[in-house]
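Novice: coords please:
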Amino acid sequence: MLVALNTLLPESAIDLESVLYGAEFKSGRLVAQGGGSAGRSLDQNPAAAAPEGPKSVPVGSYTAGAVILLSDGRRTTGPDPVEVAKWAASKGVRVYTVAFGTPDGFIPGFEGFSFYAKVDEVALQKVAETTGAEFFRATNAKDLAMIYQHLSSKFTLERRDTEVTALLAALAGVLVLLAMGLSMRWFRH
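Specialist: Alright, predicted model coming up:
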């Protein structure tokens, strides 16, 4: 989610390395953990809340983009997703969440391999709710296709025409003046 937000809002300049490997993310600011650069165990208490950052905008007011998070919702490392969602909400960015996995966590795989993906719907619902977006549950490929079709109807591609003929005319004028100057210098000798 942080990578998507950093891509969507590059002016925020989130230091992903510090957030993921050595600090706690609180209200858009990094809070060092015990003065060291190492991360903390998930069962340790997070550091005290950082002072509030810049003034928030209304939830869901950012119209230039959104984040669609396809996840099982379980946090194994990194910052608390609800804290990141609060920061995204303060920037007006919506985070739509799509849960995948099984209630018991076992998903049979290919050639006898399986993997663990127990769904934490509560966390995903909280992320979507915090950012003014929607939560979806996908149990199979058909559900996922329907969810993406629904989400694609919420977003529109906006085309903006930009007039550049004045810029090209100015560039042509500069080149004509440069040619005239060089010509005068060449024939003066």
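Novice: any weak-confidence spans in the chain?
Specialist: 21-55, 102-103, 105-110, 114-117, 157, 189 (pLDDT under 70).
Novice: tell me where it has strands.
Specialist: Here the chain has its strands, by DSSP state E, at 23-26, 29-32, 67-71, 95-99, 106-108, 114-116, 135-137.
Novice: helices and strands around the third one, which ones?
Specialist: Applying 3 or more Cβ pairs under 8 Å, 6 or more residues apart in numbering; DSSP states H and E, one finds that strand 67-71 makes contact with helix 2-8, strand 95-99, helix 121-130. Yep, even glycine has a C-beta here, placed from its N, CA and C like the rest.
Novice: Asp72 is in contact with Lys118, correct?
Specialist: Yes. With contact defined as Cβ atoms under 8 Å, Lys118 counts as touching Asp72 (6.6 Å).
Novice: overlap of the contact sets of the two?
Specialist: Common contact partners of Lys118 and Asp72 (Cβ atoms under 8 Å, 6 or more residues apart in numbering): Gly101.
Novice: higher neighbour count, these two?
Specialist: The neighbour comparison of Lys118 against Asp72 (other Cβ atoms under 10 Å) goes to Asp72, with 21 against 14.
Novice: now the more buried one: how far from Pro79?
Specialist: Remark: distance between Asp72 and Pro79 (Cβ to Cβ, to the nearest Å) = 17 Å.
Novice: next one: Asp120
Specialist: Applying Cβ to Cβ, the value for Asp120 to Pro79 is 15 Å.
Novice: okay, those two: which has more neighbours?
Specialist: Pro79 (20 against 16).
Novice: hmm, the more buried one is touching Leu2, no?
Specialist: Yes. Pro79 lies in contact with Leu2 (Cβ under 8 Å); the separation is 7.0 Å.
Novice: hmm, back to that, could the helices and strands packed on strand 67-71 go into a markdown table alongside distance to Met146 and mean neighbour count?
Specialist: Shown next, in a markdown table, are these (distance: least, Cβ to Cβ, whole Å; neighbours: other Cβ atoms under 10 Å):
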| stretch | distance to Met146 | mean neighbour count |
| --- | --- | --- |
| helix 2-8 | 22 | 16 |
| strand 95-99 | 11 | 24 |
| helix 121-130 | 17 | 19 |
